[in-house]
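quick check, what structure comes out for this input:
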Amino acid sequence: MYGQESADTAVQFLKKMTGSAFGTKAVATVHGLPYAMLLWGMLYFMLAFSYQVFTSTPTITLATTGSACGIVVLFTLWLIYAARDFHVSTQFLAWLRASICKTRIQPDAA
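So this is what the prediction gives:
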C-alpha cells in the first residue's frame, strides 16, 4: 500500500503547487537545479584541473593530458550534437539549394 499512498501524496502536492503563484514551474526548477549544479560543477572542475595541469608541466604530461582532454571534449560535443537532433549539414544543403535556385531563376541584367 506504500506505492498508492506515495502517489496520492504526490498528486495532492502537485495540486497545491498548481494553485500557487508560480505553478508547476517552481517544482520543475527545484527538481532541475541539482542536475544543473552538477553539470556546472563538473565544468568548473575541469577548467581548474586543466589550468593546474597546463600552467607548468613537462611536455610529455601536456601531450598526454591535452590528448585526453581533447578526446573528452570531442565525445562530449558529439553527444550534445546527437541529442539536439540538429544537423548543420542538412541546414547548409537546404540553404545552398535555395541560393542556387535563386541564381538560376533571376534573369541576367545585361
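
could I get the average pLDDT for the longest helix anywhere in the chain?
Secondary structure of the chain read by DSSP state H shows that its longest helix is helix 24-55. The predicted model gives helix 24-55 an average pLDDT of 83.

skip ahead from it and say which helix or strand is next.
Next in sequence after helix 24-55, counting helices and strands by DSSP states H and E, comes helix 59-84.

buried sites along the longest helix of the chain?
Neighbour-count burial for helix 24-55 flags residue 53 (criterion: 16 or more other Cβ atoms under 10 Å). C-beta: built from backbone N, CA, C; applies to glycine.

other SSEs contacting that helix?
Using 3 or more Cβ pairs under 8 Å, 6 or more residues apart in numbering; DSSP states H and E as the contact criterion, the secondary-structure elements in contact with helix 24-55 are helix 2-18, helix 59-84.

weakest of the ones you listed in terms of mean pLDDT?
When the helices and strands packed on helix 24-55 are compared by mean pLDDT, helix 2-18 comes last with a mean of 74.

what about that helix, distance to the chain center?
Taking the mean C-alpha point of helix 2-18 and that of its whole chain, the gap between them comes to 31 Å (Cα atoms, centre = their mean, to the nearest Å).

what's stretch 31-51 in contact with?
Contacts of stretch 31-51 with the rest of the structure, by Cβ atoms under 8 Å, 6 or more residues apart in numbering, involve 65, 69.

could you dump the helices and strands packed on helix 24-55 to a markdown table with distance to residue 52?
Output for the helices and strands packed on helix 24-55, formatted as a markdown table (distance: least, Cβ to Cβ, whole Å):
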| stretch | distance to residue 52 |
| --- | --- |
| helix 2-18 | 44 |
| helix 59-84 | 10 |
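
export those to TSV and tack on distance to residue 33 and mean neighbour count?
Conversion of the helices and strands packed on helix 24-55 to TSV gives the following (distance: least, Cβ to Cβ, whole Å; neighbours: other Cβ atoms under 10 Å):
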stretch	distance to residue 33	mean neighbour count
helix 2-18	16	10
helix 59-84	20	11
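
the longest helix of the chain vs helix 59-84, what angle?
Between the direction of helix 24-55 and that of helix 59-84, the angle (axes from the mean of the first three to the mean of the last three Cα atoms, to 10 degrees) works out to 160 degrees.
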